[in-house]
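Asks: give me coordinates for this.
(one chain, ligands or ions: 2)
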Amino acid sequence: MPDTNRLPDIAPLAVTMGDPAGIGGDITLAAWLTREATGVPPFVLIDDADRIAGLAERLGWAVPVARIEQPAQAVALFPKALPVLHRPLPVPVQPGKPTSATADAVCAAIAEAVALVRTGAASAVVTNPINKDVLQHAGFRFPGHTEYLADLAGTGDVPVMMLACPALRVVPVTIHIPLEAVAQTLTTAAIVHAGRVTAQALARDFGIARPRLAVAGLNPHAGERGRMGDQETRIIAPAVEALRDEGLTVSGPLPADTLFHPAARARHDAVLCMYHDQALIPIKTVDFAGGVNVTLGLPFVRTSPDHGTAFDIAGQGTAQPDSLVAALHMAATMVAHRQRTAAEGPGR
Ligand SMILES: NC(=O)C1=CN([C@@H]2O[C@H](COP(=O)(O)OP(=O)(O)OC[C@H]3O[C@@H](n4cnc5c(N)ncnc54)[C@H](O)[C@@H]3O)[C@@H](O)[C@H]2O)C=CC1
Ligand SMILES: NCC(=O)COP(=O)(O)O
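Replies: Ligands and ions are numbered 1, 2, ... in the order given. Okay, here's the model as predicted:
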């Protein structure tokens, strides 16, 4: 169990509603209920307070919901009630029955969380899962949170997705594109960018000053010297060389099928993967409950559970809150590292 006495003294975390037809409400209520056992840092939920209170009542969970006006009120309230910045939904929502009518409210909660962090009223953004199909049906023009958050940040920097658990960190270089587009989309520049941003983030936000990166191949056996594909020699190996030229510790391209067993995991601080499932299958297999989705390359900290909206179990009280709890802990730890690094440099 985490030592709550060691939690950093930071502003509350801003937690977004996610898709209100998904399990975001269930796991947020459950995370609050575990607050003493898990020592989750205080957070404020941006959501419809009536919906959350109604969900708690339907589940029979004793969660007092406290409407607040300012995030600063959340820390003192948190031990006794779930603090909510009340943002009413335009329509009633049934668990498991998504509607694009809530899309604007879902996106507004994300934008508000970012604004709160940028003013210092909140310390980090922790997002509940959104459903890309539902949002895009309503006109959302981003593949997911990662790209939307980068747009809200407004720096022009390309964000990098990382999924992390105690046993493994993985970075998909290409993300939400069809598998058949991966080979055409992959570039040396994209791999170099992902490696550079990952190394910087591991130093600044995770306290690993000299991270060891592994880079996976795309093809079976990392291409078998070009007999099973040439992306390794044309695209990936030059990226590894370029990252080494920048002084980073990088190995690869390595066959992906032998990168994730325990001994291989111990050799690297993060693995750059060439496509979504090459990265997400190992981490969700190794630690579905403890996996956290982190966006690197933003001027603020953002984490999220590694799972999605799970409409099939929404509103039933059976969704495990562990990944959200891990995301809350990771966000607070990253904020503390970032503050320390800003004051003292990257450290060991
Ligand atoms: N950060 C985010 O906003 C994410 C959003 N998504 C989105 O979620 C939607 C659904 O995606 P799926 O691929 O179906 O994945 P999913 O993670 O929503 O569900 C896959 C399976 O895992 C189960 N599951 C998920 N979370 C669970 C939990 N906390 N406890 C117990 N069981 C759990 C579900 O019941 C389902 O059987 C998609 O629109 C996807 O884009 C997916 C991943 C992350
Ligand atoms: N598969 C990861 C995922 O869908 C999360 O994406 P994002 O919404 O965090 O960009």
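
Asks: now the phi/psi pair for residue 212, please.
Replies: Dihedral angles of residue 212 (phi, psi; degrees, to the nearest 10) stand at phi -100, psi 120.

Asks: hmm, it is touching residue 243, no?
Replies: No. Counting by CB atoms under 8 Å, residue 243 is not a contact partner of residue 212; they are 11.5 Å apart. Any C-beta I mention is one placed from the backbone N, CA and C, and that applies to glycine too.

Asks: looking at the two, which is more packed in?
Replies: Per other CB atoms under 10 Å, whichever of residue 212 and residue 243 has more neighbours is residue 243, with 24 against 15.

Asks: hang on, that one is in a helix, isn't it?
Replies: Yes. Checked against DSSP: H, G, I helix; E, B strand; the rest coil, residue 243 lies within a helix.

Asks: isn't it right up against residue 197?
Replies: No. With contact defined as CB under 8 Å, residue 243 does not count as touching residue 197 (11.1 Å).

Asks: what parts of the stretch 201-348 of the chain come near ligand 2?
Replies: By the rule CB under 6 Å from any ligand atom, the part of the stretch 201-348 of the chain lying against ligand 2 is 280, 293, 304.

Asks: how many neighbouring residues does residue 108 have?
Replies: Residue 108 - counted by other CB under 10 Å - has 14 other residues nearby.

Asks: measure it to residue 345 for me?
Replies: 38 Å (CB to CB, to the nearest Å).

Asks: just the pLDDT for the closest residue to residue 169 other than its chain neighbours.
Replies: Sequence neighbours aside, residue 270 is the residue nearest to residue 169 in space, at 4.1 Å (criterion: CB to CB, 6 or more residues apart in numbering). Per-residue pLDDT puts residue 270 at 98.

Asks: ok, now which ones touch residue 194?
Replies: Shown in contact with residue 194 (CB atoms under 8 Å, 6 or more residues apart in numbering): 160, 171, 173, 272.

Asks: and the residues you listed, which of them are in helices?
Replies: Counting by DSSP state H, those place none of their members in helices.

Asks: quick check, nearest of those residues to residue 310?
Replies: Minimum distance to residue 310 across the contacts of residue 194 is 24.2 Å, recorded for residue 171 (CB to CB).

Asks: burial of residue 68, as a residue count?
Replies: Residue 68 has 19 nearby residues by other CB under 10 Å.

Asks: quick check: domain ranges of the protein?
Replies: Segmentation of the chain into domains, based on automatic domain parsing, reads 1-158+298-348, 160-297.

Asks: any idea which residue of the chain is furthest from its center?
Replies: residue 227 (36.5 Å; CA atoms, centre = their mean).

Asks: who's in contact with stretch 108-123?
Replies: By CB under 8 Å, 6+ apart, stretch 108-123 touches 10-17, 44, 46-47, 70-72, 85, 87, 124-127, 130, 145, 148-149, 152-153, 299-301, 331-332, 335.

Asks: filter those residues to the buried ones?
Replies: Burial by neighbour count, 16 or more other CB atoms under 10 Å: within those this picks out 10-17, 44, 46-47, 71, 85, 87, 124-127, 130, 145, 148-149, 152-153, 300-301, 331-332, 335.

Asks: show me the contacts for the closest residue to ligand 1 within the stretch 201-348 of the chain.
Replies: Minimum separation of the stretch 201-348 of the chain from ligand 1 (CB to the nearest ligand atom) falls at residue 308, amounting to 2.2 Å. Residue 308 sits next to 22, 129, 131 when contact means CB under 8 Å, 6+ apart.

Asks: where do the strands sit along the stretch 1-150 of the chain?
Replies: 13-16, 43-47, 65-67, 82-86, 125-126 (DSSP state E, counting those that start in this stretch).

Asks: partner strands of the third one, parallel or antiparallel?
Replies: Using DSSP bridges, the strands paired with strand 65-67 in its sheet are strand 82-86 (parallel).

Asks: can you list contacts of the partner strand?
Replies: 12, 28-29, 32, 42-50, 52, 63-69, 71, 73-74, 77, 112.

Asks: excluding chain neighbours, give the residue nearest to residue 214 in space.
Replies: Distance criterion CB to CB, 6+ apart; nearest residue to residue 214, sequence neighbours excluded, is residue 268 at 4.1 Å.

Asks: and that neighbour, helix, strand or coil?
Replies: Reduced to three states with three-state DSSP, the structure at residue 268 is coil.

Asks: which residues are in contact with it?
Replies: Neighbouring residues of residue 268 by CB under 8 Å, 6+ apart: 212-214, 251, 259.

Asks: same check, this time on residue 106
Replies: Per CB under 8 Å, 6+ apart, neighbours of residue 106: 16-20, 130, 135.

Asks: at 7 Å instead, please
Replies: 17-19, 130, 135 (CB atoms under 7 Å, 6 or more residues apart in numbering).

Asks: please apply the same query to residue 210.
Replies: Contacts of residue 210 were listed using CB under 7 Å, 6+ apart, and they are residue 249.

Asks: got the residues of the stretch 51-200 of the chain near ligand 1?
Replies: So far as CB under 6 Å from any ligand atom goes, the stretch 51-200 of the chain lies against ligand 1 at 129-133, 145.

Asks: spell out the secondary structure type for the residue most central in space within the chain.
Replies: Geometric centre of the chain, nearest residue: residue 293, 2.5 Å, by CA atoms, centre = their mean. Following three-state DSSP, the label given to residue 293 is strand.
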